[in-house]
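J.: kindly return the folded structure for what I paste below:
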Amino acid sequence: MNFTPEPRGRRRIVDSFTAGALLALVTMFGFAAAGTLLATETRADSAVDERTLKELRREAQRERQALRKERNQRLNDAVKSLRLEADDITAEYRERVRTIDTEFDLDRVRLDAETDSEIAALEGALQKELGVGMAAATETALLNHLSAMGEQTRAHQDRVFEARKRGAGRVQAAQLEALSRKGRLLSERDDRVLARARELGLMTMPTPVLATPIGGELTRNEIQWNEREQRDVQRLHERHVGLLGEFSYGQKLRAWERANLEEDFALEWQELSELQDLQSQQRMLNPVMLQAGMADETSRQQSFARLAELGEQQNQIKIRYQHLRRERDIQRREEKRALTAVP
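T.: Next up, the predicted model:
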């Protein structure tokens, strides 16, 4: 068997092709290995970043919890301190207000005595007038005097009524003056308490401790934290406002009460004036004279009918003013609720 050697040029060509194929195969496997290594390194970096974010968020959460605890403790201490100081300030002004009340009570006793003395003088003058007439020597003079008694009595009662009204007006003026003095003291008290509350940070909305985005956005827990913080600071603020309510709306409430006092006084004497007019008409009828036979039967019947009518009118007046007062009380209840409501 003959062996013919392969030509040298052809062999070189085959060797070149073989070497190229091997190089391509090695290169392909090299790139694949490099890609796998790069993906592995990327996943490792992501895992490290995620762990870092979680740790940063946990640390921020611990810091927020500490800040919230510190804020709440500071506000609780401020509330306790204000309560104690407000009690001391209130006690101080309570004594000064009591002094004004005592002075007014003494003034009222004096003013009532003056009114009683004035009325007693009027009563004495009437008794003298009636006594002189009753001592008339003749029957005609006595009858004439009895006829005039009704007019004298009515005029006397009108004078007594005016004396009582003037006396009540003097007492009312003294009471309003006392209220003004007390109002100035209590407003001073309110200002001191509110100024101290402002120093302690209880007059403004507390600052919420809010989470901020770490890693681009808030987590669900951080969103819930922020919502809860907003509710908590609102609740704290409402508690502080409620604590300061008496001192915040005190001046408005006192002005409202003073206006009510003046309205009550005017309404009371308006009713009394209407009743006084009817009572004066009753006195003019003089039932004593009628029963003594100093008028005919028809006149007496008419007079008694008029007396009954006047009595009914007085009852109607009392009922009307009673209803007015009840309506006013309901309105005032709502007005006071609005004045003292926590904003």
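J.: name the element residue 324 belongs to?
T.: Counting by DSSP states H and E, the element that carries residue 324 is helix 297-339.
J.: likewise residue 204?
T.: Element membership of residue 204, judged by DSSP H and E, is empty: it is in no helix or strand.
J.: that one and residue 240, how far apart?
T.: Computed with C-beta to C-beta, to the nearest Å, the distance linking residue 204 and residue 240 is 9 Å. From N, CA and C alone the C-beta is placed, and that goes for glycine too.
J.: who has more neighbours out of those two?
T.: Neighbour comparison, residue 204 and residue 240: the larger count goes to residue 240, with 22 against 10 (by other C-beta atoms under 10 Å).
J.: please, where are all the helices along the stretch 1-150 of the chain?
T.: Along the stretch 1-150 of the chain, the segments classed as helices by DSSP state H, counting those that start in this stretch run 8-134, 139-199.
J.: least confident of these, on average?
T.: Within the helices of the stretch 1-150 of the chain, confidence is poorest for helix 8-134, with a mean of 77 (mean pLDDT).
J.: what's the mean pLDDT across the helix holding residue 324?
T.: Average pLDDT, helix 297-339: 92.
J.: that helix packs against which elements?
T.: Contacts defined by 3 or more C-beta pairs under 8 Å, 6 or more residues apart in numbering; DSSP states H and E place helix 297-339 against helix 250-285, helix 287-291.
J.: got the contact list for stretch 67-76?
T.: The list of residues contacting stretch 67-76 from outside it, by C-beta atoms under 8 Å, 6 or more residues apart in numbering, reads 201, 202, 206, 207, 209, 229, 232, 236, 240.
J.: could I have the buried ones of the residues you listed as ChimeraX selection syntax?
T.: A single ChimeraX command suffices to select whichever of the contacts of stretch 67-76 are buried according to 16 or more other C-beta atoms under 10 Å:
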select :202,206,209,229,232,236,240
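J.: filter the contacts of stretch 67-76 down to the ones in helices?
T.: When helices are assigned by DSSP state H, the members of those inside them are 229, 232, 236, 240.
J.: reformat those residues as CSV; add pLDDT.
T.: As requested, the ones in helices among the contacts of stretch 67-76 are arranged in CSV below (pLDDT from 0 to 100):
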residue, pLDDT
229, 97
232, 97
236, 96
240, 95
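J.: closest one of those to residue 90?
T.: Distance to residue 90 across those (C-beta to C-beta) is lowest for residue 240, with 17.6 Å.
J.: need the contact list for the closest one.
T.: Going by C-beta under 8 Å, 6+ apart, residue 240 touches 75, 79, 197, 202, 203.
J.: gap between it and residue 91?
T.: Distance from residue 240 to residue 91, counting by C-beta to C-beta: 22 Å.
J.: excluding residues flanking it in the chain, which one is nearest residue 152?
T.: For residue 152, the nearest residue in space outside its immediate sequence neighbours is residue 129; the separation is 6.1 Å by C-beta to C-beta, 6 or more residues apart in numbering.
J.: what about that neighbour, distance to residue 153?
T.: Between residue 129 and residue 153 the distance is 10 Å, computed by C-beta to C-beta.
J.: same deal with residue 223?
T.: Taking C-beta to C-beta as the criterion, residue 223 is separated from residue 153 by 87 Å.
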